[in-house]
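Asker: no sequence on hand, only this structure:
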């Protein structure tokens, strides 16, 4: 049988502890109270269970003795090999034997195994727990030499159990090899190497007699350096404060400069705003109206160019306004306009009166009709006066007929130009109206 590894959940003072065993001897060197005896007891109890459970003393009753100090699951796992097979024991312990749990697994297949029962220690080692503790397992302060009945039977049946003798000889050989390996007489042994290492350390200590004085000197230098470091840190803090103050002043200067720049930008923006505000004396139009104005402005520009081009074409044939005012007596135009409006209005009133009175008083109806005729005659007379006035001055307005005669096509173009100018003026008036409103 060979131990391979163990995992302790909680057992005595050991908690969540893992150990891997090698095929040779396993040596565990730790301080007193570490838990070496507890680990050995765990291995034994995993095979044979607790001893002295009927004892009331905690020292003698192992179930109480190894009850975890820190609480938690009481138990663990132990993996071992018998021949070519590997097994894993899982045990958890309760307050009594009835609360204990034992499961054996095939460690290779990781499936439950029925090769051994809960009395696995006796089945594997062929001896009971007491014989095991007096032969194979020897605990601390527990070395009894008297043989148990099973040990005596095994000794008496030694002829039939040749393999036990061979196992004993192998174990004895390993112990002798281990003793030789650790012997201080063996230059390859671990104790010899440790003694040699200790001698080397002692030699180094002997050569370093003045180390303490140098250490004191170095410690004094360290104190001096620490004092200088404090002074440097204080100076650094002072410089940092000065730099911070200078930085604040610089930041204030930058902010002041930025304020001046923003103020100048605001002044320019306000002047620009005031200039543009003159275009909108009341309120700034909404974006939709501005889009309409922009669209109409885009349309007005090419129309102005077209009108200018056509006016240049008829520049010598179309009289200018100033020339027309020189030819006509403009002062008589309001009088003629008044005659036209008065006669026309009188005609309309008389016609309306005649229609309204035709069924009431015939005489009044006839009088209204005569008044309408008179108003119509006055209107016609005013038109004849305007025609006579234009006819007298027409030759002065038109260029010399002998040099160039107006063609029918030119007259049509001139009429079309007048229409374009009228539509153009309407658009200009609309844009101005939007701007004034």
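Answerer: That came through, no problem. On a predicted model such as this, the values are computed, not experimentally measured, just so you know.
Asker: what's the domain layout of the protein?
Answerer: 2-125, 287-436 (automatic domain parsing).
Asker: pick out the shakiest of those domains, pLDDT-wise.
Answerer: The stretch with the lowest mean pLDDT among the domains of the chain is domain 287-436, at a mean of 65.
Asker: SS state for residue 185?
Answerer: coil (DSSP: H, G, I helix; E, B strand; the rest coil).
Asker: need the pLDDT of it.
Answerer: 72.
Asker: residues touching it, list them.
Answerer: Counting by CB atoms under 8 Å, 6 or more residues apart in numbering, residue 185 touches residue 192. Every C-beta, even on glycine, is put in place using the N, C-alpha and C of the backbone.
Asker: and it, how far from residue 179?
Answerer: According to CB to CB, to the nearest Å, residue 185 stands 11 Å off from residue 179.
Asker: cool, and residue 269?
Answerer: 103 Å.
Asker: residue 312 sits in which helix or strand?
Answerer: Here residue 312, judged by DSSP states H and E, is contained in helix 287-313.
Asker: what's that helix packed up against?
Answerer: Here helix 287-313 touches helix 408-436, going by 3 or more CB pairs under 8 Å, 6 or more residues apart in numbering; DSSP states H and E.
Asker: name the helices or strands packed onto the helix it packs on?
Answerer: helix 287-313.
Asker: quick check: mean pLDDT of the longest helix seen in the chain?
Answerer: The residue-count maximum for a helix in the chain (DSSP state H) belongs to helix 211-277. Summarised as a single mean, pLDDT over helix 211-277 is 87.
Asker: strand partners (parallel or antiparallel) of the lengthiest strand in the chain?
Answerer: Counting by DSSP state E, the longest strand found in the chain is strand 2-11. Strand pairing for strand 2-11, using DSSP bridges, gives strand 14-20 (antiparallel), strand 75-82 (antiparallel).
Asker: other residues contacting it?
Answerer: By CB under 8 Å, 6+ apart, strand 2-11 touches 14-21, 23, 38-39, 42-43, 46, 66, 68, 70-81, 86, 92, 107.
Asker: ditto for stretch 29-46
Answerer: 3, 6, 8, 11-14, 17, 19, 28, 62, 66, 76, 78, 89, 91, 121, 129, 132-133, 137, 139-140.
Asker: weed out the non-buried ones from those.
Answerer: 3, 6, 8, 11-12, 14, 17, 62, 66, 76, 78, 89, 91, 121, 129, 132-133, 137 (16 or more other CB atoms under 10 Å).
Asker: what comes up buried for whichever helix or strand residue 203 is part of?
Answerer: Per DSSP H and E: residue 203 is located in helix 190-207. Within helix 190-207, the residues that count as buried by 16+ other CB under 10 Å are residue 192.
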